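K.L.:
Any chance you could fold what I've pasted below:
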Amino acid sequence: MASPRPLHDRAVDDLRYIRQTMERAGSFTAVPGWGQVAVGATALAAALLAARQPTRELWLVALAIGGWAMVRKAYAGNDPILSGPGRRFWLSFISPMAAGGLLTVVLYRAGLAYALPGTWLLLYGTGFVTGGAFSVRVVPVMGLCFMLVGAAALLGPPAWGNWLLAAGFGGLHVAFGTLIARRYGG
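P.N.:
So this is what the prediction gives:
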């Protein structure tokens, strides 16, 4: 018969189990509301400029602002990005973004640049649907809206591409960013 484990060891194991359970059950709330609004405003300005230019590089400015705002909100709220729910969010979000990056290169090389707006919107939305499983409920809903706009861009006339990018990355970010900021803080 084995001797019983000391109470201290059992307590440490119980606390570790409780902490891990809470991390798994928690939600990642570092999706920045006002940062999303800034992304949306930047995307709308980029859409106006991009409509007059043959290049789409201005859309990357909005992406950089979004990433910076998310990291800033996570640190301000002491919500670690790379542990617990934040880590699961990013692991789920990064795969569709990597696929989008690779498809961007392939579609561009193949002379199918008209398919980029739909591809970007669809995969960006997919990232928020999958990553949003570890976040507050409104995040995957936002992702579904991006996916719908992406589907419209893929199935609609190529001339709609820039305007659907503006509607998605501009309009949806402003609308959902305002909602997230009001309900979940900054």
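
K.L.:
Poorly predicted segments of the chain, please.
P.N.:
Applying pLDDT under 70 to the chain flags the ranges 1-2, 5, 7-32, 49-87, 134, 186.

K.L.:
so where's the longest helix in it?
P.N.:
If you go by DSSP state H, the chain has its longest helix at helix 84-109.

K.L.:
ok, Tyr124 - how many residues close by?
P.N.:
By other Cβ atoms under 10 Å, 25 other residues sit near Tyr124. In short, each C-beta sits where N, CA and C put it, glycine included.

K.L.:
same deal with Gly111?
P.N.:
For Gly111, using other Cβ under 10 Å, the count is 7.

K.L.:
which other helices and strands contact the longest helix of the chain?
P.N.:
helix 7-25, helix 116-131 (3 or more Cβ pairs under 8 Å, 6 or more residues apart in numbering; DSSP states H and E).

K.L.:
let's see it at 10 Å
P.N.:
Contact analysis of helix 84-109 by 3 or more Cβ pairs under 10 Å, 6 or more residues apart in numbering; DSSP states H and E lists helix 7-25, helix 59-76, helix 116-131, helix 138-155 as its packing neighbours.

K.L.:
elements contacting the next helix or strand after the longest one?
P.N.:
Once helix 7-25 ends, the next helix or strand along the chain (criterion: DSSP states H and E) is helix 33-50. For helix 33-50, the contact count by 3+ Cβ pairs under 10 Å, 6+ apart identifies helix 59-76, helix 161-165, helix 173-184 as packing neighbours.

K.L.:
buried ones in helix 33-50?
P.N.:
33-44, 46-47, 50 (16 or more other Cβ atoms under 10 Å).

K.L.:
same deal with stretch 158-166?
P.N.:
Applying a neighbour-count criterion of 16+ other Cβ under 10 Å, one finds Trp160, Gly161, Asn162, Leu164, Leu165, Ala166 buried in stretch 158-166.

K.L.:
Nearest to Ala115, out of those: which one, please.
P.N.:
The nearest member of those to Ala115, counting by Cβ to Cβ, is Gly161 at 8.5 Å.
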